[in-house]
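Colleague: structure of the sequence below:
(chains A and B)
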Amino acid sequence: MNTIWHLVLNGISSGAVYAALGLSLVIIYRATRVVNFAQPALALISAYLAYATTKATGSYWLGFAVALLAGTLLGVLVERLLIRRVSRRSELSSIIVTLGLLLVLQAVAGMIWSNEPHAFGYAFDFRGRFSATDLFAVSAVLVTAAGVLLLFKFTPLGLRMRAAAFRPEVAKMLGVRVGLMLTAGWGLAALVGSLAGMLAIPPFISPNVLDKVFVFALTAAVLGGLDNPVGTIVGGFALGIGLSCISGLVGPELVPLAALAVLVLVLAVRPSGLFGRTIARRV
Amino acid sequence: MTSTNTSRPGVAEAPASGGLDRPRTRVVPPLLVHLLAALVALAAVVALTLLTDPFTNLRIATVGYYLVAVAGLALLTGFNGQVSLGHGAFMFIGAYTVALLVLHVPAFPLWADLLLAAVTSGVAGLLAGAAAARLHGPYLAGATLALAVGLPAVTQRFPELLEGSNGLSFTVNSTPDALVGVVPPTRWQAWVVWVAVLLALVVLANLARGRLGRTLRAVRDDEVAASLAGVHVGRTKVLAFLVSAVCGGLAGGLQAFLLGTAAPGSFTPALSLSLLAALVLGGLGSLWGALWGALALVYFQVWTEDFSDLLHLPTNVADNLPLALYGVVLVVVILLFPHGVQGGLHHLRLRLLASRSPRRGVTDRVTDADDPRSEGEA
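Modeller: Presented below is the predicted three-dimensional model:
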C-alpha cells in the first residue's frame, strides 16, 4: 500500500510535466492545426541556455528566467520563419518540417554542449517523498495552466487569439491581426514548453533527454483530444500516475510501450481523444 | 487523384489528349521488365564491387539495405500518405531476429534467417497497421514515434536473451567454401545484400505499379472517394503497413548480417527520422526516390566525416553534423522542392520530352509522380 502511495505521488509530479508539455502542444494545435514535433527541441535549447547561465552566474533562478525568455523567443521565431510558410499546405508538410527542426536543434545542442550528459540542478530540495521540488513542479504547472486558460477565456488578447485560430477570415475583417495572434500563440506555447523542460530535465541534461517525455506529453495531449487544454492537463496527470505505477510495478523499461498501448487503446475507442469533440473532417 | 496531379507546375499546360494517340508499346508484362532491370542492376553492382576496395564494398552494401528500408517507407508514407516515425522499430525487429537465429539456431541457412526476419517484422507491421488504420496525420505520427522510442528499450527487459544495451554480436560465415579466398568477405556480403534487396524491390515495384499501388494512392488522396469506389480503406492501410514492415525487417536483418551486431543504440528515433529525411529528399511517391535517399544516407555520413577531418572540427560538431544535415534537408526540401530529387529529375525529363516532340503529350506518364501536398487537408 505504501509503495502504491509513493508511486502515485511520484506520478503526480511527473504528470505535471507531461501536462505542461502537452498543453504547449495543444495551444499550437488549436491555433494552427500543426503538432509541433520541434517542441522538445525548443525546450531543450532553452534549458541548455539556462544551464550555461547558471554555470556562469551560479544563480538557478537567473537561468530559469533565461530559459523561459529564450523559449518564448524561439517559439516566435519558428512561427515567423518556418511555420507560416507551410501551415497552408498539407498535414504531412508541417509534420516533416517540425521534425526537421527537431533534428537540427538537437544536433546543434550536441555540437555546442556535446552529447555527454551534464549535471542539471533542481530548483529546490529533491529528497524524500513529494519533496519541495515536486511541490514546485505541480504548483508551477497548475498556476501556468490556470493562467493560460484564464487568458484564453477572459482577456481581450485571449479572445483575439481564439478568433484568429477558429475563424481567421472573420477575425481579420473585425480588425484582429491574425498573423500576430498566431505568433503570440507560438510564443505562449513555447513558454509553457520551456517551463516543462526545466521541470523535466533534472538531474542530467543531454540532447535526447526529452524524447521520452515528449512521447508521454503527446500521449497526454491525444488523451485530452489535442484541442482541449483542460482534457490535456487531466490526461497528463492521469498518464503520469498510470505510468509511474507501471514503472514501479512492472519495470521502467516498458513505460514508453505502455504509453503506446494507452495511446492505441484510447484512439481505437475514441479516435479524437477522450475529451475531444468529434469534428467531421472535410472530404 | 488526377485532379491533384494536373496542378503540378509545368504539367497543366501540356495537352491533355496525349495518351490516346500514343502507340501501345507496353505489352511486356511489368514483372518481366522489373526482373530484367534487377538483373542489370545486379550486374552493375557486382561490377562496381569488383572495381572498388573492401571499404567501398561495405558502403555499397549499406546503400542496399537502406534502399530497401526507404523503399518500404515510400510505399507507406509516399504512396499511402501514412506518416511513420517508427520505421526504425521494424529494422530493430529484423536485426534482432537475424541475430537470435544465428546465435541460437545456427543450422538455419542465411536466406531462412532473412526470410524469418521479414516475416517477424511483417507480423509486427500487421499489428501496428491494425492499430494505426484508424489514426491519421499527427495521431499516427505520435503513435509511431512512441513505437520508435519504446521498442529498443525491450532489450533491457530481457537482459539474458537480448544482452541489454550492449546488444548481440555474432559472426556469420556466409561465403561458400568454393569461394573462400577467391572473393573477399565484404564483397560477398555486398552481393548477398544486393540480391536480397533487388528481389524485394522487384516485388515492391510490381505491387506499386499494379492494383495495390493504385488503391494505396486512391486512399491517400481521398478516403471517402476511394471507399465509394469499392476500395476497402482499412484493409488497404493495414496492407501498406505490412509491406513496409516486411521491407524494414529485411533491411534490419541485412544490416545485422553485414555488421555482425544488433544493438539498441543503432535503432534510435533519430534513425527513423533520418529514413524519413531520406525519403523526402529522394521524393515522396516514387521508388526511384528511395535510391537517391539511400545514397544520401550513406554518403552524407561519409562526406560530413571527410569534411570534419578536413577542417579539424571538434568531435562534438563532427558527430552531430549528419543529423543536422538530415534536419536541414527535411526543412529545405519541403519548403523549396516538395517533389525531391526524383521529382526534379521527372520534371527535367518531361521538359526534354516536351521540347523534342511538342505535339505528343506526356500526361500519361505524370500519374507516376505524386504530389506530397496532395494529402487531403484535415
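Colleague: contacts and neighbour counts: CA atoms only from here.
Modeller: Fine.
Colleague: where's residue B:93 relative to residue B:39, distance?
Modeller: 29 Å (Cα to Cα, to the nearest Å).
Colleague: swap that for residue B:224, sorry
Modeller: Separation of residue B:224 from residue B:39 (Cα to Cα) stands at 40 Å.
Colleague: ignoring the adjacent residues along the chain, who's closest to the residue of the stretch 151-300 of chain B at minimum distance from chain A?
Modeller: Nearest residue of the stretch 151-300 of chain B to chain A: residue B:153, at 5.5 Å (Cα to the nearest Cα). Leaving aside its sequence neighbours, residue B:153 sits nearest to residue A:253 (Cα to Cα, 6 or more residues apart in numbering or on different chains; 5.5 Å).
Colleague: quick one: residue B:131 and residue A:269 touch, right?
Modeller: No - with contacts counted by Cα atoms under 8 Å, residue B:131 stays clear of residue A:269, the gap being 10.9 Å.
Colleague: residue B:55: neighbour count?
Modeller: By other Cα atoms under 10 Å in any protein chain shown, the residues close to residue B:55 number 11.
Colleague: brain fart, residue A:53
Modeller: 20.
Colleague: may I see the buried residues of the helix or strand hosting it?
Modeller: Using DSSP states H and E, the element containing residue A:53 is helix A:39-57. Neighbour-count burial for helix A:39-57 flags A:39-51, A:53-54 (criterion: 16 or more other Cα atoms under 10 Å in any protein chain shown).
Colleague: packing partners of it?
Modeller: Under the contact criterion of 3 or more Cα pairs under 8 Å, 6 or more residues apart in numbering or on different chains; DSSP states H and E, helix A:39-57 touches helix A:60-78, helix A:91-113, helix A:178-200.
Colleague: ok so, going back, so between residue B:131 and residue A:269, which is more surrounded?
Modeller: Per other Cα under 10 Å, whichever of residue B:131 and residue A:269 has more neighbours is residue B:131, with 19 against 11.
Colleague: so how far is residue B:302 from the residue nearest to the more buried one when sequence neighbours are not counted?
Modeller: Among residues not flanking residue B:131 along the chain, residue A:264 sits closest, at 6.2 Å (Cα to Cα, 6+ apart). According to Cα to Cα, residue A:264 and residue B:302 sit 39 Å apart.
Colleague: geometric centre of chain B: which residue is closest?
Modeller: Among the residues of chain B, the one closest to the centroid is residue B:70, at 1.6 Å (Cα atoms, centre = their mean).
Colleague: show me what contacts that one?
Modeller: B:275-276, B:278-279, B:290, B:293-294 (Cα atoms under 8 Å, 6 or more residues apart in numbering or on different chains).
Colleague: tell me the SS of it?
Modeller: Secondary structure, DSSP: H, G, I helix; E, B strand; the rest coil: residue B:70 is helix.
Colleague: give me the distance between it and residue B:185.
Modeller: Taking Cα to Cα, one finds residue B:70 at 26 Å from residue B:185.
Colleague: those residues of the stretch 101-250 of chain B touching chain A, which are they?
Modeller: Within the stretch 101-250 of chain B, the residues that sit near chain A (Cα under 8 Å from any Cα of the partner chain) are B:131-132, B:134-135, B:137-139, B:142-143, B:145-147, B:149-151, B:153-154, B:156-157, B:222, B:224.
Colleague: the same query, at a cut-off of 10 Å, please.
Modeller: B:128, B:130-157, B:221-225 (Cα under 10 Å from any Cα of the partner chain).
Colleague: now do residue A:283, the pLDDT please.
Modeller: pLDDT recorded at residue A:283 is 42.
Colleague: below-threshold pLDDT in the stretch 151-283 of chain A: ranges please.
Modeller: For the stretch 151-283 of chain A, applying pLDDT under 70 flags the ranges A:276-283.
Colleague: next one: the stretch 51-200 of chain B
Modeller: Looking at the stretch 51-200 of chain B by pLDDT under 70, you get an empty list.
Colleague: can you name the residue of it nearest chain A?
Modeller: Closest point on the stretch 51-200 of chain B to chain A, by Cα to the nearest Cα, is residue B:150, at 4.5 Å.
Colleague: contact partners for that residue?
Modeller: Counting by Cα atoms under 10 Å, 6 or more residues apart in numbering or on different chains, residue B:150 makes contact with A:212, A:215, A:253-260, B:86, B:89, B:144, B:268-269.
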